[in-house]
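Enquirer: coords please:
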Amino acid sequence: GKFNGPSSGAWSYNNLVPLYAPDGSQGVFKITSPTTTLRFSLREGDYDWFVLVPVTGIPPKVTAASPLANTDTGAASAVPKDAKVRLTIEDFSTATVVNSVKLFFDGNDVTSTASIAKTADITTVTYAPSLAGGSTHSYELQFTDNGTPAVTQTNKATFTVSAAIGTPGQFLIEAEDFDTGGGQAQAPANTMPYLGGAYANLGAVLNVDYFDADGTDSFPYRPSLTNKVNGANANVNMDQQTDAGTLDVVRADAWTMTANYKIGWAGDGDWFNYTRTFPANTYEVWAALSHDPSDGLRGSLSLVTGGVGTPNQTTVTLGKFNAPTSGAWGTDNLVQMKDSSSNVLAVALSGVQTVRFNASSGDFDYLLFAPSAATPSKWITSAGVAGGMVTIKWIGGGTLQSTPSLTPSITWTDLGTGGTFNDPAGPAAKFYRVR
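Expert: Presented below is the predicted three-dimensional model:
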C-alpha cells in the first residue's frame, strides 16, 4: 500500500499517515514469519517512524488490482493496449467464497470467460479484454465472504488505455541507448521485449553517434561521455526513470523496464543516432517526452541515409513530434510523429537501419514503433549522379515518376518500383517524384 497525506505544516512536526490499499480502503497485511523484512520507500517528506497495529474482524480485501483507475488521456496513460484485468483478493479474519466472485467489464458479466482460482488464502481473478488505443473502460469485481453475517464487497475502476504502448509487434528504442564506437550497435537492444542496460558504461563518438554539449551534471549510465572533446563539454545528461506503473517503465503488459534513463537538458541542435535491426513492417512512431508547464514537447525523427559511423552523414527527415506540455519533468507523454500539416505518418522499415532523434524541447525517454495497417509514407532518400547515371533511392513503396517540366499541364512518366532506379543522365532537366 501507500502513505499519502497533507502537509504536517512544518519540518519535524510529525503527522501519522495511514497506509491505504489499492482500492482506497485502509491497508492491512499479514505477517506470518517470525523474522520479516519490510521496506519503506520515501517519496516526499521527512521520515521518522512507523507503527504496526494488530487488528481483528477484517473481511477479505483486494490487495492488488490492475489496471488502476485513471483519468489520463491516451497520450499519458500507462495502461497498455494488451493489458489484462488482474485482481487479487486476500483472506484475513474471514475467507472469500470462490463461487461468489463475479467480474463485470464495461457493464457486461464476463465471469464465465475470466480465470478465477484460489490457492490457500489468495483468490486471483484474470480477464483479457480487447482494448483499443485511447479507449476508456470500467470493471467491477464483486465477492462475498463466509462470515456471519456474510459481507459482500465491490471493487470498481475506470481507466483509459494508452494510445500506443502494448501494440502487438511494437519495437522500442530507449533514448539512452544511442550508438557507440562510431555507428556500432548492441545486439540485445534488437530483441523485444528489451528491458534496458545494453549500452551501460559504453562510450560514443561526438558528431558521429550523437551531438550534445552538456556539462558533467548527471552521468549515471554512460559515464565515459563526461570526457571533453577538444576542450568542449560532450556529456549527455541523463537521470533514472523508475516510477512503477507509469510510462517511465511500462512498455506493455508484463513488460517493465529494469534499467531506464531519460535524456535531459535537451535542446535544439542535440541529436542521437540509433542503429537497429527492424522487423519488416510499416510503423507509426511515438516519442516519450516530458516538460514542465513552461514549454511543450518537440523533436523530429530522421533516417540516416549515408555515412553511418563517419562525421559526414546524410539524413532525410521522416516527421516531427509536437504536443503541449506533459505537466512536469519526467512525467512522460507519448507524442505521435506527424507531418507539418499534422497528418499522421507511417514509415516502412526493414533490417538494419539508423534513425536519428533530433531533440528540441522536453526530456526524451524512448521511441515506440507501433505496427500499422496504414499506407506507408514515401520519401526520396537520395539522388546522385555517377558514371553517367542518375540513381534515385526511396522508401515507402510506390512508383518513381519523372517529368521534363513542372509547367502545367504536367505529364508524369512511370519509371519503376522497388526503391532504387537508375536513369541515364542527360543535358535536359528532369524532375522526379514517388507516388
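
Enquirer: show me what contacts Ala288?
Expert: Counting by CB atoms under 8 Å, 6 or more residues apart in numbering, Ala288 touches 247, 332-335, 364-368. C-beta coordinates here come from the backbone N, C-alpha and C atoms, glycine included.

Enquirer: so Phe50 makes contact with Phe40?
Expert: Yes - in this structure, Phe50 is within contact of Phe40 by CB atoms under 8 Å, at 6.7 Å.

Enquirer: of these two, which one has the most company?
Expert: Just comparing Phe50 and Phe40: by other CB atoms under 10 Å the higher neighbour count belongs to Phe50, 11 against 8.

Enquirer: show me what contacts that one?
Expert: Phe40.

Enquirer: apply 10 Å and report the result again.
Expert: Applying CB atoms under 10 Å, 6 or more residues apart in numbering, we find Phe50 in contact with 3, 16-17, 19, 38, 40.

Enquirer: can you tell me how far Gly426 is from Met389?
Expert: Gly426 sits 11 Å away from Met389, taking CB to CB, to the nearest Å as the criterion.

Enquirer: again but with Thr314, I slipped
Expert: 19 Å.

Enquirer: what of Asp82?
Expert: Taken as CB to CB, the span from Asp82 to Met389 is 48 Å.

Enquirer: neighbour count winner among those two?
Expert: Asp82 (20 against 12).

Enquirer: pretty sure the more buried one contacts Thr167?
Expert: Yes - with contact defined as CB atoms under 10 Å, Asp82 and Thr167 form a contacting pair (7.9 Å).

Enquirer: shared neighbours of these two, which are they?
Expert: What both Asp82 and Thr167 touch, as defined by CB under 10 Å, 6+ apart, is the set Ala252.

Enquirer: could you break the protein into its assigned domains?
Expert: 2-160, 171-371, 379-434 (automatic domain parsing).

Enquirer: as CSV, these with mean pLDDT would be great.
Expert: Shown next, in CSV, are these (pLDDT from 0 to 100):
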stretch, mean pLDDT
domain 2-160, 94
domain 171-371, 95
domain 379-434, 93
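
Enquirer: just say which of these is most tucked in.
Expert: Ranked by mean neighbour count, these are led by domain 171-371 with a mean of 19 (mean count of other CB atoms under 10 Å).

Enquirer: what strand or helix carries Ile380?
Expert: Assigned by DSSP states H and E, Ile380 falls within strand 379-386.

Enquirer: run me through the strand neighbours of that strand, direction for each.
Expert: Strand 379-386 sits in its sheet next to strand 389-395 (antiparallel), going by DSSP bridges.

Enquirer: still on that earlier bit, how far off centre is the strand holding Ile380?
Expert: 34 Å (CA atoms, centre = their mean, to the nearest Å).

Enquirer: output that strand as PDB - backbone C-alpha positions only.
Expert: The C-alpha trace of strand 379-386 is given here as PDB (Å, rounded to 0.1, in the frame of the first residue of the first chain):
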ATOM      1  CA  TRP A 379      10.400   9.600 -49.100                       C
ATOM      2  CA  ILE A 380      13.100  10.000 -51.700                       C
ATOM      3  CA  THR A 381      16.200   9.300 -49.500                       C
ATOM      4  CA  SER A 382      19.000  10.100 -52.000                       C
ATOM      5  CA  ALA A 383      19.700  11.200 -55.500                       C
ATOM      6  CA  GLY A 384      23.200  11.100 -57.100                       C
ATOM      7  CA  VAL A 385      25.000  11.100 -60.400                       C
ATOM      8  CA  ALA A 386      27.800   8.700 -61.200                       C
END
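
Enquirer: contacts for it?
Expert: By CB under 10 Å, 6+ apart, strand 379-386 touches 303-306, 314-319, 345, 347-348, 390-396, 400, 419-420, 422-423, 425, 432-434.

Enquirer: nearest residue to Phe357 other than its sequence neighbours?
Expert: Phe272 (5.2 Å; CB to CB, 6 or more residues apart in numbering).

Enquirer: just give me how far the helix or strand containing that neighbour sits from the chain centre.
Expert: For Phe272, the element it lies in under DSSP H and E is strand 271-291. With CA atoms, centre = their mean as the basis, strand 271-291 stands 11 Å off its chain's centre.

Enquirer: and for stretch 89-96?
Expert: 37 Å.

Enquirer: now do stretch 319-333
Expert: 12 Å.

Enquirer: for stretch 85-103, same thing?
Expert: Relative to its chain's centre, stretch 85-103 lies at 33 Å (CA atoms, centre = their mean).

Enquirer: also stretch 305-317?
Expert: The answer for stretch 305-317 is 27 Å, by CA atoms, centre = their mean.

Enquirer: again, but for stretch 60-67
Expert: 25 Å.
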